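Novice: Predicted coordinates and the sequence they were generated for:
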Amino acid sequence: MEKFFKLKERGTDVKTEIMAGITTFMTMAYILAVNPGILSASGMAFGKVFSATAIASAIACLVMALLANLPFALSAGMGLNAFFAYTVCIGMGHSWQFALTAIFCEGIIFVLLTFFNIREAIVNSIPESLKKAIAAGIGLFIAFIGLQNAGIIVGGATLVELSASWFKGSAGVAMIGLVITAVLLALKVKGALLIGIVVTTIIGIPFGVTTYAGGSYLPDAPYFCSFAFKEIFASGQATFDFIVVMFTFLFIDMFDTVGTLIGCAGKSGLMNKDGTIPNCKEALFADAIGTTVGAMLGTSTVTTFVESASGVAEGGRTGLTALTVSVLFLLSLFLEPLFGSIPSAATAPALIVVGVMMITPVTEIDFSDFSEAIPAFLTILFMCCAYSISDGIMFGILSYVIIKACTGKIKSIPVTTWVVAALFVAKIIFKAIG
């Protein structure tokens, strides 16, 4: 282990790395309850998604450990799973097989982009303000979904309103869980999100909110390669939707992973002197491979988790931390019935506070420059109000190009941004004609 992971060279040891891995897993294990819960809204079976999520996460973490030797963990990305279920399947009316096909193709493209070193170049060409706005918008969107899942926010005369029974039943349990989770986070308790879910689940028992899901303790068979190529080419609209969906997955995942890698590498002191990340290409391969394999097994896009920072804070500096997380994901396969018993009231607080974590990049947007601020604001606003991540991105990109072009800043618009804008214009024209 010393030779392979270079423990002494990075000032760490086996015990520290294993403890860091356990800490990271505790902070991100909520995904095993939340991801199947979100994807089940698209018609997928909770147990199958649970198994697919655990296996894909274990494989991605293993690649990160053995290929990149970095202490970062991966799993099904929050926000991306919401886009999968609530936008692609429920909003656009496509099957979950359609969404998995888009993710599989995205993963293949990621592998190619990473291999030819194109991925970093694309990331650098997208306006920084929109990168931050997308992350913040997804954070608000996730929190909004959490409030709805808990029954705290419901449909009403004003489109949405506070539920009259927000203080009792499932909503009441969720509010209690939100307070508990918020206090644990404020106290910087390790595994605050997971502890919050567990405690809220227990609190829900006497209220009749938590019920045993039953089932076997053996892993449920995932959806192996359940793709829908016939559906994609059934009509011109379906084909165009597929392109837009695939690109949206690609776009969000790209910035989520790179941003997390930069942030965690900087915090761990692993950043090179020139500001680059060691073994960056190999690290990007981890999420590309994880995404591709995850789609084949039946789960949403796999990405690097910002919760990896918790393990880094515990002293994790090598791939042994990621290897530990990988092993724990495999062990979790045999606890699916326990995760299946967790009610939405217990996972809703986690969704809300994850939204808090994701919205922080908004503070880095230059709101004094309206050519930057307005596109960023529209990105965030439309993600929540239109209940669509893709619509948020569309209004953000289009407004960015229009405002910059009309204020004499056309040279500041990257070529890639023009291409993305053209794609969204084509989408608008296609819908208008259709």
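Specialist: Yep, it's here.
Novice: Quick one: residues contacting the closest residue to S388 other than its chain neighbours.
Specialist: Nearest residue to S388 in three dimensions, chain neighbours excluded: T87, at 5.1 Å (CB to CB, 6 or more residues apart in numbering). The way it works is simple: take the backbone N, C-alpha and C, and place the C-beta from them, glycine included. Neighbouring residues of T87 by CB atoms under 8 Å, 6 or more residues apart in numbering: 387-390.
Novice: in stretch 277-297, what counts as buried?
Specialist: 277, 279-280, 282-297 (16 or more other CB atoms under 10 Å).
Novice: quick one on the thing from earlier: just the ones in helices from the contacts of T87, please.
Specialist: 389-390 (DSSP state H).
Novice: Considering the contacts of T87, which possesses the most neighbours?
Specialist: I389 (30 neighbours; other CB atoms under 10 Å).
Novice: just the helices in the stretch 151-300 of the chain please.
Specialist: Using DSSP state H, counting those that start in this stretch, the helices of the stretch 151-300 of the chain run over 169-186, 192-203, 229-232, 236-268, 280-297.
Novice: Quick check: the gap between the residue nearest to S388 and A346.
Specialist: Using CB to CB, to the nearest Å, T87 is found at 24 Å from A346.
Novice: which residues of this protein fall in strands?
Specialist: Per DSSP state E, the chain carries strands over the ranges 74-76, 153-156, 159-162, 302-304.
Novice: most neighbours per residue, which of those?
Specialist: Stretch with highest mean neighbour count among the strands of the chain: strand 74-76 (a mean of 31; mean count of other CB atoms under 10 Å).
Novice: which other helices and strands contact it?
Specialist: Packing contacts for strand 74-76, counted by 3 or more CB pairs under 8 Å, 6 or more residues apart in numbering; DSSP states H and E, involve helix 31-39, helix 46-63, helix 280-297, strand 302-304.
Novice: Can you add distance to A136 and give those back as a markdown table?
Specialist: As requested, the helices and strands packed on strand 74-76 are exported to a markdown table (distance: least, CB to CB, whole Å):
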| stretch | distance to A136 |
| --- | --- |
| helix 31-39 | 19 |
| helix 46-63 | 25 |
| helix 280-297 | 21 |
| strand 302-304 | 17 |
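Novice: so which of these comes closest to F367?
Specialist: strand 302-304 (27.6 Å; CB to CB).
Novice: From the contact counts, what lies against that closest one?
Specialist: helix 46-63, strand 74-76, helix 236-268, helix 280-297.
Novice: if we can go back for a sec, need the winner for burial among the helices of the stretch 151-300 of the chain.
Specialist: Ranked by mean neighbour count, with mean count of other CB under 10 Å as the criterion, those are topped by helix 280-297 at a mean of 25.
Novice: and I413, which of the helices and strands packed on strand 74-76 is closest to it?
Specialist: Distance to I413, taken as CB to CB, is lowest for helix 280-297 among the helices and strands packed on strand 74-76, at 25.6 Å.
Novice: lowest average confidence, helix or strand, in this protein?
Specialist: helix 118-125 (a mean of 67; mean pLDDT, DSSP states H and E).
Novice: now the contacts of T87 in JSON lines, with distance to T16 and pLDDT?
Specialist: Converted to JSON lines, these look like this (distance: CB to CB, whole Å; pLDDT from 0 to 100):
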{"residue": "Y387", "distance to T16": "44", "pLDDT": "82"}
{"residue": "S388", "distance to T16": "43", "pLDDT": "78"}
{"residue": "I389", "distance to T16": "38", "pLDDT": "77"}
{"residue": "S390", "distance to T16": "42", "pLDDT": "75"}
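Novice: Can you give me the buried ones in stretch 93-109?
Specialist: Buried residues in stretch 93-109, counted by 16+ other CB under 10 Å: 94, 96-107, 109.
Novice: likewise stretch 4-23?
Specialist: By neighbour count on 16+ other CB under 10 Å, the buried set for stretch 4-23 is 5, 7, 10, 12-13, 16-23.
Novice: what's in contact with that stretch?
Specialist: 1-2, 69, 71, 73, 190-191, 270, 310-325, 328.
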